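> pasted the sequence and its predicted model underneath.
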Amino acid sequence: MTDTAVMLDDVTVQEKKQSRRGSDSNFNLNHPYDLCFVLPVDKQSKSFTQDGIRIVTAIKKCGFMIYQYYSVQQDEIFVLARIDNEKLMIFADIIDFQMLLDSAEVERQAAAGDPENNIAPFHIQHEPEVTFLTPYEKIWGEYSIEPSLQSLYWRPPNYETPFRESVRLKLSLMLLEAPPFKGGAGLSLRSERKAGRLLNYFPLHNQEKLQVLSAQWLTYVAWPWEQPYELIKNYFGEKIGLYFKFLGHYTTWLMFPAFLGLICQLVVVGTGDFSHPILPFFSLVVAIWAVFMLEYWKREERFTALEWGMIGFEDTEHDRPEFFGTQQPSYIDGHMTTHFPPKQRESLMIKSFAVIVSLAVVVLGAVICIYVIRSVLYETAVGEYSQIVASVMNSVQITIFNIIYSKLADYLTEIENHRTDTNFEDSMIAKLFIFQFVNSYSSFFYLAFVASYLPNPNDDDENLGECGYSDCMVALAINLGIIFGIRLTLSNALELLEPVIKTHIRNKEENEGATKPPSTAEEQHRMEEYDQLKGCLNDYAELSIQFGYMAFFIVALPIAALGAFVNNYVEIRTDAYKLLKNLRRPLVSGVEDIGTWMTIFSLIASICVVTNAALIVFTMQVLTMYSITLRMWIFIGFQWLLFTLQFIVGIAIPDEPYEVSIQQQRAAVIVDKLIKKVRDDDDESLASSSKDTTGDMLSFKIQEDEPESMKKTI
């Protein structure tokens, strides 16, 4: 046994002893490791490859305690890793990692002052009529390893340090990719994985915390706002937590139009009039509701960023590991940087746009084919059901094209070689929205604004143009109802079943010929991955398309708002079940806001004004007695009335709550005095230092099985 293996065994014993005392500073008996790395086996040496030795050496050298063992097929090596808390504290200090401060301790230290550093005692008065937040709560400041400051940082119950599990995971991943002069491993994990030198890396599930979260989250009956957001954020990170908070906010706000829509739908069904005069007023309410919903989300988003310590998180962004180019001096500061010619990227983006346009034309062709088939079916025995058949075909077409295009959009965005994840996301979002807009809504625009003006194929007086009904609103309502219903069932079923089926197939392949069951880490390795970048993109894309269905054509089917509410109610639970039961634990990452998706949702809220105005004036039968000139003026006036109301609402509701602004200013003062120790007569901050860590390659003994502490008990 090598010295490394002996050292690891000694560490494991020590961690077990200390875990009995309830300490978080070392290993928990049921969950001793945080991260898992999967590396290939060298066919000749039956050990690590040279790249594997380099990777594991870098992990070990930057302070991780590791344990390595073979997979059941002996074709992969699992490396379990956990960083020592002392190293974590040093690194958090170096990068000025933001930590929540303990409100009681902040108040105590502020009142005591610091005579040695010429800082006088100070007290911030709480004024409830100005802000409901007390002066010392929700204050975040950079972490300092200074012993006298440790009591300043808030600690979860039974923790010896302020680093709860999600913070440990986030810092651990940052440490692995940090340069050696900051004490990091200097690894680009995504690049290593893309090149095949690292097969996989992921955080390990903590079964104890997973059960607690499942018990509070996977409930059949709960209001949308009753999700355990804090637990979700603490386990999966702020990015996933914010998605569920937005989903909960949107679903909660849907209750109002869902109730009104149900009443309007009952009126429509009761009268048999799909162009009932009540519908224009309902569309006006929905257009204003959409702006209120988004404006109040902006406020909720900013308050959440304050509460979770994410304000300013996106100010500094590093290059994507996949970004490539030539090394040359920066045009800004002269330092060496990676350069990729902007003209070359523009050329690639033009080619991507050409592909999108080509696919959009294909989609339009598919929709035309569907409605040609509908016209043919109209003359057969299934004539009265021809629109239902067309709507089902349209729904299947939308689903298939969305699946195909999501893969293609990923490829197109990758080859554009964007420098940062934000640039990548923005380009990806634009592609998804443009294509899915055409794919999802083209049949609706055809039925709403084109079909009624086409020649009647059967030359009968009962039906209007190509609508198949005397009122095109009927065909539009059928189309919207069927697509909503299929998306509710098919999309959620695919989300749940796809990872289960893929994991089952992978387990069957990997277990063939195995002499023992897979380890805990290997079981999780075989599960499907929730891509932290593209997973959230697809989730938001799905919500934006649904929002468009409801907002654009709400007058055709008022009960669509209730359908959206039901869909989201189910979506919360299917997404939760998928994350908790069917997928590997995602990489923990932070986020300040929902980014470009806010622009997309705002754009939809603006477009819905035009579509609803056009439906009321040109498609519904309520204004057919007026001349086209007068209807055009009504169309323009209705739009500008709604745009004006939307503008007034946007101005009247500030994007950032006053409480958030006040608390940020308080935080600046408190951090300056209590952490940075800025003297009362000096505004300059103290300098910080970092240290370099280097070392040689290590040798490793690979164990035959997972550690005893992680083995499952029967």
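Arrived safely.

> so what's the residue count around the spatially closest residue to residue 517 that is not a sequence neighbour?
Leaving aside its sequence neighbours, residue 517 sits nearest to residue 72 (Cβ to Cβ, 6 or more residues apart in numbering; 7.3 Å). The way it works is simple: take the backbone N, C-alpha and C, and place the C-beta from them, glycine included. Neighbours of residue 72 under the rule other Cβ atoms under 10 Å: 17.

> I'd say residue 72 and residue 516 touch.
Yes - under the contact definition of Cβ atoms under 8 Å, residue 72 touches residue 516, with a separation of 5.8 Å.

> name the SS class of the residue nearest to residue 517, please.
When classified by DSSP: H, G, I helix; E, B strand; the rest coil, residue 72 comes out as coil.

> so where do the strands sit in this structure?
35-40, 64-70, 76-83, 98-100, 140-142, 200-203, 326-329, 336-339 (DSSP state E).

> can I get those strands in JSON lines including distance to residue 357, mean pLDDT and mean neighbour count?
Formatted as JSON lines, these follow (distance: least, Cβ to Cβ, whole Å; pLDDT from 0 to 100; neighbours: other Cβ atoms under 10 Å):
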{"stretch": "strand 35-40", "distance to residue 357": "41", "mean pLDDT": "94", "mean neighbour count": "22"}
{"stretch": "strand 64-70", "distance to residue 357": "49", "mean pLDDT": "91", "mean neighbour count": "22"}
{"stretch": "strand 76-83", "distance to residue 357": "43", "mean pLDDT": "92", "mean neighbour count": "23"}
{"stretch": "strand 98-100", "distance to residue 357": "44", "mean pLDDT": "92", "mean neighbour count": "21"}
{"stretch": "strand 140-142", "distance to residue 357": "46", "mean pLDDT": "91", "mean neighbour count": "20"}
{"stretch": "strand 200-203", "distance to residue 357": "37", "mean pLDDT": "94", "mean neighbour count": "21"}
{"stretch": "strand 326-329", "distance to residue 357": "31", "mean pLDDT": "72", "mean neighbour count": "10"}
{"stretch": "strand 336-339", "distance to residue 357": "30", "mean pLDDT": "68", "mean neighbour count": "13"}
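
> quick one: the residue nearest to residue 517 from residue 196, how far?
Look at residue 72 and residue 196: by Cβ to Cβ, to the nearest Å, they are 21 Å apart.

> and the pLDDT at residue 564?
pLDDT, residue 564: 90.

> right, and it touches residue 550 too?
Yes - proximity of residue 564 to residue 550 meets the contact threshold set by Cβ under 8 Å, at 4.7 Å.

> now residue 444: how far from residue 43?
Per Cβ to Cβ, residue 444 is found 57 Å from residue 43.

> neighbour-wise, which of those two wins?
Neighbours per residue (other Cβ under 10 Å) separate residue 444 from residue 43, with residue 444 holding more: 22 against 8.

> show the contacting residues for the more buried one.
476, 479, 480, 552, 553 (Cβ atoms under 8 Å, 6 or more residues apart in numbering).

> picking that back up, adding distance to residue 157, write the strands of the chain out as JSON lines.
What follows is those, written out as JSON lines (distance: least, Cβ to Cβ, whole Å):
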{"stretch": "strand 35-40", "distance to residue 157": "24"}
{"stretch": "strand 64-70", "distance to residue 157": "25"}
{"stretch": "strand 76-83", "distance to residue 157": "21"}
{"stretch": "strand 98-100", "distance to residue 157": "14"}
{"stretch": "strand 140-142", "distance to residue 157": "20"}
{"stretch": "strand 200-203", "distance to residue 157": "22"}
{"stretch": "strand 326-329", "distance to residue 157": "49"}
{"stretch": "strand 336-339", "distance to residue 157": "45"}
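
> closest to residue 408 out of those strands?
Evaluated over the strands of the chain, closeness to residue 408 peaks at strand 200-203, with 24.6 Å, by Cβ to Cβ.

> quick one, helices of the stretch 51-200 of the chain?
85-94, 103-112, 165-177, 189-194 (DSSP state H, counting those that start in this stretch).

> quick one: closest of the ones you listed to residue 262.
In terms of Cβ to Cβ, the element of the helices of the stretch 51-200 of the chain nearest to residue 262 is helix 165-177, at 40.4 Å.

> what is the closest one packed up against?
strand 35-40, strand 76-83, helix 85-94, helix 189-194, helix 229-236 (3 or more Cβ pairs under 8 Å, 6 or more residues apart in numbering; DSSP states H and E).

> need the ones you listed in TSV (columns: distance to residue 504).
Output for these, formatted as TSV (distance: least, Cβ to Cβ, whole Å):
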stretch	distance to residue 504
strand 35-40	20
strand 76-83	19
helix 85-94	37
helix 189-194	24
helix 229-236	24
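
> to residue 366, which of those lies closest?
Taking Cβ to Cβ, helix 189-194 is the member of the helices and strands packed on helix 165-177 nearest to residue 366, at 34.1 Å.

> now for that closest one, which elements pack on it?
Using 3+ Cβ pairs under 8 Å, 6+ apart, helix 189-194 is in contact with helix 165-177, strand 200-203.

> what's the least confident stretch among the ones you listed?
Mean pLDDT, when computed for each of the helices and strands packed on helix 189-194, is lowest for helix 165-177, at a mean of 90.

> what angle do that one and strand 35-40 make?
Using axes from the mean of the first three to the mean of the last three Cα atoms, to 10 degrees, one finds that helix 165-177 and strand 35-40 are set 40 degrees apart in direction.

> what angle separates helix 165-177 from helix 85-94?
Going by the same axes, to 10 degrees, helix 165-177 makes 70 degrees with helix 85-94.

> pull the CA atoms of helix 165-177 into PDB?
Only the C-alpha atoms of helix 165-177 are listed here, as PDB (Å, rounded to 0.1, in the frame of the first residue of the first chain):
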ATOM      1  CA  GLU A 165     -23.100  21.800   1.900                       C
ATOM      2  CA  SER A 166     -24.200  23.900  -1.100                       C
ATOM      3  CA  VAL A 167     -21.500  26.500  -0.300                       C
ATOM      4  CA  ARG A 168     -18.900  23.700   0.100                       C
ATOM      5  CA  LEU A 169     -19.900  22.300  -3.300                       C
ATOM      6  CA  LYS A 170     -19.800  25.700  -5.000                       C
ATOM      7  CA  LEU A 171     -16.400  26.600  -3.500                       C
ATOM      8  CA  SER A 172     -15.000  23.200  -4.200                       C
ATOM      9  CA  LEU A 173     -15.800  23.500  -7.900                       C
ATOM     10  CA  MET A 174     -14.400  27.000  -8.000                       C
ATOM     11  CA  LEU A 175     -11.200  25.800  -6.200                       C
ATOM     12  CA  LEU A 176     -10.700  23.100  -8.800                       C
ATOM     13  CA  GLU A 177     -10.800  25.600 -11.600                       C
END
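
> ok, residues contacting that helix?
Under Cβ under 8 Å, 6+ apart, the answer for helix 165-177 is 34-35, 58-59, 62-64, 81-83, 87-88, 91-92, 95, 97, 99, 163, 183-189, 203, 206, 209, 233-237, 587-590.
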